[in-house]
Every structure is written in C-alpha cells, then in structure tokens.
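A.B. asks: A predicted structure for the sequence below; I have some questions about it.
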Amino acid sequence: MDMRQTRNSFLVGTLCLTLAGFTVVAVCKKNQETASVNDRQRVLHALNRFTFGPRPGDVDRVSRQGIDKWFEQQLQPEKIDDAALDARLAPFRTLRMETREIVENFPPPQVIKAIIDGKDSMPRDPGKRAIYEAEIARYEDKQDRKAEARKSDDAKNTPSAADSTTPTAPLADAESGNKPVDGKIEDITDADKAAEDEKARRREAKLYADMKAEELLNLPSDQRLQEIMKMPPEEQRALLNARSDTHDQVMAALSPEQRETAMALVNPQQVVQSEVMQAKLLRATYSERQLQELMTDFWFNHFNVFVGKGADRYLITSYERDVIRPNALGKFEDLLVATAKSPAMLFYLDNWLSVGPDSDEAQGLRRKPPNRDFNRGFGGRGMRRRFPAPPPPRRQAKAKRKLDGLNENYGRELMELHTLGVNGGYTQHDVTEVARVFTGWTIREPRKGGDFTFEDRRHEPGTKMVLGKKIKEHGEKEGLEVLHILAHHPSTAKFICTKLAQRFVSDNPPQPLVDRMAETFLKKKGDIREVLRTMYKSPEFWGPETYQTKVKTPLEFVVSALRATDANVQDATPLLGALQNMGMPLYGMQPPTGYSMKSDAWVNSSALLGRMNFALGLGNDKFRGVKANTATALGAPPPADAHQTLTAFEQAYLDGDVSQQTHDAIVKQLDDPQITRRKLDDNAPTPNAGAIAGLILGSPEFQKR
C-alpha cells in the first residue's frame, strides 16, 4: 500500500470511528445541553424528518413560505405539481403497465416453458417475438449444457481399461494436454479447460461487442434495434452486456421502448426489477411530494414484500403503485385491506395456497350451485349440499397436492407485524383462527400476473373466534370483518404510532407522545394524516433532544446526498449497487419484518466505510450516469483555497453545524494530493471541490437527520 492509500484509509477510518462513537455519545450529549432549537433549525429539522433531505435553497424557501403551511401542503400531495418527476419516469414503461401486461411483454421462465411445451403461442409483435425467441434460445442452451454435464459425469463414473494403467515415465500427452512437471504428470481437468474456454469466449465476445457497437453507430437510429434483433442470442448478450462509451452511445440513440426491448433480449425479468428500483430512487430524489414518498417507503417496509420471491418480481410494481402509495396518507383500514387483497402479499406469505382442512377443496367435494329462488324465498344462503366430485386427471391431482393444508403465515404476520404487535394480546389460537378466516383469499393465475379472487371451495366453513369475537361463516366478508377489528384495536393504534414516532421522532419515542398519537388514531378511525398532524404539533417532536439524533438508513443517506449535491441522475443503476453494498438493497429484505429504522442497525465499521466510499465516489463523479453539481449548493464556484472551500461546504451541506472534531479530522487531510490537485498550466494548487464535498457528505453530521 502506498502513502496515498495509507492516508486515505486513515482518513476514512478516522471519520468512521468519529461517526460510530462521537455521533452516538457526544452529539446526543451536546443536544441535551442545547437550550432550544432556533427558527432556522426548526425548518432544517422538519426538512430532515419529512423529506429525504434538503436541497440547495430549501431551508430559505420553506422559511419564506412558513413551515406550518409547507407541512400542510405536504399532507395533500395530490395538489402538488410533480411534472418534472413524471418526465424522468416516462422512459420506464413497466411503471404504467398492469401486471399481466408486464408478464406478456417481459416473460418469466414459466411463460417461456409453457410456449416450449406447446401450451401457449408466440406473440405476433416483432419486438415481443424477438424477446421470446431470445429467452427460448437461452432456455435450450441451458438444457444443452445440463445434458453435456450429465454426459461428462457419466463418462467419469464409467471404468475403463486405461484406469488401471500407470505410466512408467513422465511422458507428455499432446491430445489430453497433460504435461510433465517435476517428474510427474500434471492433469488439466475438464474444469480447467472449461474455465480457459470461458475466458477466451469472454475476450472474443468483448472484441465483437466493441466492433459491433462501432458498426451500429454508423446506422440510422431507427435501424439499430432491427440489427440487434437479427443477431444470434449469444451475440446480443455480448453487445448489450458491454459497458463502454460506445455502448452507451448506441443505447442513447434508441427510444425508451426500443431500449427496453434491447435490454429484455438479455434478461426480461431484470428490466422489470431495474425499472421499479430506479423509479423508487428517482421518486425519493426528485419528487416534490416528499412526505408521500417517505410514507410510501414507510408503509412498504411495514407491509414488506420480497422482490426475490417468484412472482413478486412482477407483482411489486403494482403493489407499490396501486396499494401502498394511494393509501399512504389515508385511512389505515383501507391500506390494511388493500395489502391483504394484494397478489404480492398473498404470494409472499403463501396465503394464496392456504386451504381450509374442512373445505370442499380439501375434502375432494364440490358444492351444488345455489338455487336462487330458494335463497330468495327464505332470505338466506340456501342449504349447503355436497356431492362427490369426479376423480381429477392424474396431472391435475399432482398440481393440486401442494394446495392442501392451512397456511398460518399471513395470519401470524397480520397480527404480529401489521397490526397488534408482538405483545398485542393475541394467542396462537387467534393465529389459527385468522388463518381459517383467510382461506380462499387467493390469486387467479399468479404467474401470469393475475388479480385477487375469493375461492369459496377453499374456504374453511364454520364459525371462528378471533380475539374473543365470534366471526360467523360469511365467506370473503369474514376476512373484511377481521381486518376491521384489527384496524380499530387499541393495540394496533399503539403499535402503529410507536413505529411512526420511531421513524419521525426518535428511536425511543416518549410514551406521552405515542399515547396522544394513538388516541388520535382511534378517535379519527385510523386517519394517518391526523396522526401525523398530532405528532407534528407535539412539543416532543420539536424538542432539542430530538434534533439531529436519528441516523440515516442507507437509502436515506444516498438520496439525501443526491439531493444536497443537486445531482443529475441519468442512470440510477450504479446507485442500486451502492445500496446493495451498504446492506439495504431495494425491496431486498427477505423476512417480513422489513428493514430496521433504528440507528444501531446501521452504525458499524463496515457499513460506515461503505458510506464514506460512496460519498467520495459521488463527489468525484465515480458513478456512471450520475453527475453531482457540488457548486450548486455554494451558489458560486468553489474558493481557490482548500480551507475556504471546506468552510463553504460545511455551511452548504451542514448549515454550519459541524463539530470541531469532524472539522479538524478533515483539515488534516487537505494537503493530501487526492484532495488538492494542481493545474496543468502552472503550479498553483487548486482544491478538489468534489473530494472535499465527499468528505463532508461522509461526515458524522451529514449521517444524521
């Protein structure tokens, strides 16, 4: 390691230790000693808690508008113009598609397999057809490789006469590739050969991709996609997976729809996931409806769904767009019902497979269609009559076998994580009864992007008892009744308001505040806006002990840095990788608990090192497709002196509220050649403003909100 790397590592290590120790202890002590929060700090505090971080000039703008008026405006997002964000999201067509349409345009493996098996037909549209053909070729290639691997294994396991022959001399075998080394024969295994062949193939593919990209640049833009679609699948992958300026120029000339088609030739599922993830980052960064985006993130995390589970790769787009965001500031019961009926949640927690043990489905019986006249005459449901069903075909019986059984996943998480909380007063008996209630809540063709449906044949008959309340047999309405009970339960009010206070106030919110919020929750029938108003108007929210004490999650940190630097994000993909490295991939929390909002989950040396590296990379434009405009916050070009530049950025990004310890740690590094660079035309040193900005963004003070 050279001296430059040593100095840089020392700086990163020093600031990480500062954040881990000084932030948690000294800063909290400092805030406790602060008598009050002044007017400017109040605005900054509100911006840090109700947005993903202030942009250059936001503090002054909100101060002129009036903080109360600004907050009320944020509570009514439908009245806020977000046209600039809409323009950024326009290229992502999947964001506006229904799930079935997404599956049709960007087929998952199940759809491709159905076509190969002759169960479905190929689309007629040339663009779609090219995607399907590329996926079929990829599938067949994979099957061929598996067959070759099986043949190789069979050959190795077959004894031959040569196996018993031991060579008496270290002879070179030209055909096998074995060579004498120190008197012994060195075996070149099939794996070694395969590895070398793969390296050679990749080198050849890269050369081809560069040549083909240059060739495509000479064609009119409307012909480029046609040429790409004519290429064999392997050559398409080589070209479209390349990362170079030439490749970027080829893709930039395509329309958004053409770009999607081109990338889907390589991996259609990845197009869907990439677009919804990039959109989340872009919304958080550029939306004027900041509180709505914060609450959308909060509720998605609360009603967590994992993008890596099967059909949810396709269902999450609709889940966030149609279930979470429209209800983020509405009534909690509406949100709860919407999540319960969401195909994404039904699939994630396996409720779509749940079958009542005594249901018609489980008993192998079918129900006779009700006599409408009979029902009308007696004002009831009619008699429940069952008749033996004919034996299903063998294939059908095998497919249905996995549906047998009561699944308690959703019933448990509904009460433990979504409503009552772990100490909310429910028992295992309640979990089982709730699971019985929600049998029959399922999905119509989930792998084709189907919607919610209620299957009466799978529903468990009979009366249920939930939290001491009798739930009479009433089909789908039983579930709605249980959701209503849970949504208005005092334990739910306490649990939800505690989580909201932890997100917006402190990791350990004052109990009187939680109690007042819970009282509003119950009184206003779960009106989320009213609960937030109660929190906003509370003295606890504005107390000096809460000012800048919350540590940002990786998502909050990355987005706040983008907003502070007025960054122009043309391609958010590298930022998704940065979040992955920091331990918070978007939609990537597998357990239903969601990501922790508490500081101790994110304050560790590895995570903090990743944050510092991200901040330095952002300041120095190391992320392809992302351009930080560090000078915007200064309102003028950076000063020529490194110390003056540091002071200017401290004021711009931290509002001048920086500890002496952090300031001194950075000052010691200003002579580092990575921080101070020289002009080409003379020997006058010029400060690297991007690097200094990165150090401020990675500082303990910027990590807090």
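C.D. replies: Arrived safely.

A.B. asks: Could I get the full set of strands for the stretch 151-300 of the chain?
C.D. replies: Under the criterion DSSP state E, counting those that start in this stretch, strands of the stretch 151-300 of the chain are mapped to 179-181, 184-186.

A.B. asks: Surely residue 588 is in contact with residue 307?
C.D. replies: Yes - with contact defined as Cβ atoms under 8 Å, residue 588 reaches residue 307; the gap is 6.3 Å. Glycine gets a C-beta too; all of them are placed from N, C-alpha and C.

A.B. asks: out of these two, which sits in the busier spot?
C.D. replies: Taking neighbours as other Cβ atoms under 10 Å, residue 588 and residue 307 compare with residue 307 leading, 23 against 15.

A.B. asks: Ramachandran angles for the more buried one?
C.D. replies: Dihedral pair for residue 307: phi -70, psi -20, per degrees, to the nearest 10.

A.B. asks: For it, list the residues it contacts.
C.D. replies: By Cβ atoms under 8 Å, 6 or more residues apart in numbering, the contact set of residue 307 is 273, 313, 316, 586-588.

A.B. asks: and with 7 Å instead?
C.D. replies: Residues in contact with residue 307, defined by Cβ atoms under 7 Å, 6 or more residues apart in numbering, are 273, 313, 316, 587-588.

A.B. asks: Could you export these as JSON lines, including pLDDT?
C.D. replies: Converted to JSON lines, the contacts of residue 307 look like this (pLDDT from 0 to 100):
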{"residue": "273", "pLDDT": "95"}
{"residue": "313", "pLDDT": "94"}
{"residue": "316", "pLDDT": "97"}
{"residue": "587", "pLDDT": "97"}
{"residue": "588", "pLDDT": "95"}
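
A.B. asks: Buried among the residues you listed? Need that as a selection in ChimeraX.
C.D. replies: Buried subset of the contacts of residue 307, written as a ChimeraX selection, criterion 16 or more other Cβ atoms under 10 Å:
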select :273,313,316,587
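
A.B. asks: and the contacts of residue 307 as JSON lines, adding distance to residue 325 and secondary structure?
C.D. replies: Listed next are the contacts of residue 307 as JSON lines, based on distance: Cβ to Cβ, whole Å; DSSP: H, G, I helix; E, B strand; the rest coil:
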{"residue": "273", "distance to residue 325": "18", "secondary structure": "helix"}
{"residue": "313", "distance to residue 325": "19", "secondary structure": "helix"}
{"residue": "316", "distance to residue 325": "12", "secondary structure": "helix"}
{"residue": "587", "distance to residue 325": "14", "secondary structure": "coil"}
{"residue": "588", "distance to residue 325": "19", "secondary structure": "coil"}
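
A.B. asks: out of the contacts of residue 307, who's nearest residue 86?
C.D. replies: residue 316 (20.3 Å; Cβ to Cβ).

A.B. asks: was I right about residue 551 contacting residue 601?
C.D. replies: No - using Cβ atoms under 7 Å, residue 551 is not in contact with residue 601; the gap is 8.9 Å.

A.B. asks: between those two, who's got more neighbours?
C.D. replies: Neighbours were counted for residue 551 and for residue 601 using other Cβ under 10 Å; residue 551 has more, 23 against 15.

A.B. asks: check contacts around that one.
C.D. replies: 23, 599, 602-603, 703-704.

A.B. asks: Which pLDDT value belongs to residue 673?
C.D. replies: pLDDT recorded at residue 673 is 67.

A.B. asks: now, among the contacts of residue 307, which is nearest to residue 481?
C.D. replies: In terms of Cβ to Cβ, no member of these lies closer to residue 481 than residue 316, at 28.4 Å.

A.B. asks: how about residue 437, what does it touch?
C.D. replies: Taking Cβ under 7 Å, 6+ apart, one finds 464, 466, 471, 478-479, 482 in contact with residue 437.

A.B. asks: what about 6 Å?
C.D. replies: 464, 478-479, 482 (Cβ atoms under 6 Å, 6 or more residues apart in numbering).

A.B. asks: Now the particular helix or strand that has residue 693 in it: average pLDDT?
C.D. replies: Assigned by DSSP states H and E, residue 693 belongs to helix 689-697. Average pLDDT, helix 689-697: 89.

A.B. asks: Can I get that helix as PDB, trimmed to CA atoms?
C.D. replies: Taking C-alpha atoms only, helix 689-697 is exported to PDB below (Å, rounded to 0.1, in the frame of the first residue of the first chain):
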ATOM      1  CA  ALA A 689     -14.000  20.600  -4.500                       C
ATOM      2  CA  GLY A 690     -15.600  17.200  -5.300                       C
ATOM      3  CA  ALA A 691     -13.400  15.400  -2.800                       C
ATOM      4  CA  ILE A 692     -13.900  17.900  -0.100                       C
ATOM      5  CA  ALA A 693     -17.700  17.800  -0.700                       C
ATOM      6  CA  GLY A 694     -17.500  14.000  -0.400                       C
ATOM      7  CA  LEU A 695     -15.700  14.200   2.900                       C
ATOM      8  CA  ILE A 696     -18.500  16.500   4.200                       C
ATOM      9  CA  LEU A 697     -21.200  14.100   2.900                       C
END
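
A.B. asks: and residue 465, which of the three is it?
C.D. replies: strand (DSSP: H, G, I helix; E, B strand; the rest coil).

A.B. asks: Three-state assignment for the closest residue to it other than its chain neighbours, please.
C.D. replies: Excluding its sequence neighbours, the residue lying closest to residue 465 (Cβ to Cβ, 6 or more residues apart in numbering) is residue 433, at 5.7 Å. At residue 433 the chain is in helix, as set by three-state DSSP.

A.B. asks: do you know how far residue 433 is from residue 446?
C.D. replies: When distance is defined by Cβ to Cβ, to the nearest Å, residue 433 is 25 Å away from residue 446.

A.B. asks: One more: residue 53?
C.D. replies: From residue 53 over to residue 446 the distance is 38 Å, taken as Cβ to Cβ.

A.B. asks: how deep is residue 648 tucked in, by neighbour count?
C.D. replies: For residue 648, the neighbour count with other Cβ under 10 Å is 22.

A.B. asks: Tell me how many other residues surround the residue nearest to it when sequence neighbours are not counted.
C.D. replies: Leaving aside its sequence neighbours, residue 648 sits nearest to residue 634 (Cβ to Cβ, 6+ apart; 5.3 Å). Neighbour count for residue 634, taken as other Cβ under 10 Å: 19.

A.B. asks: Tell me how far stretch 217-232 lies from the chain's centre.
C.D. replies: How far stretch 217-232 lies from its chain's middle: 33 Å, per Cα atoms, centre = their mean, to the nearest Å.

A.B. asks: same thing with stretch 571-589?
C.D. replies: 7 Å.

A.B. asks: buried stuff in it?
C.D. replies: Applying 16+ other Cβ under 10 Å to stretch 571-589 flags 572, 575-576, 578-579, 581-587, 589 as buried.
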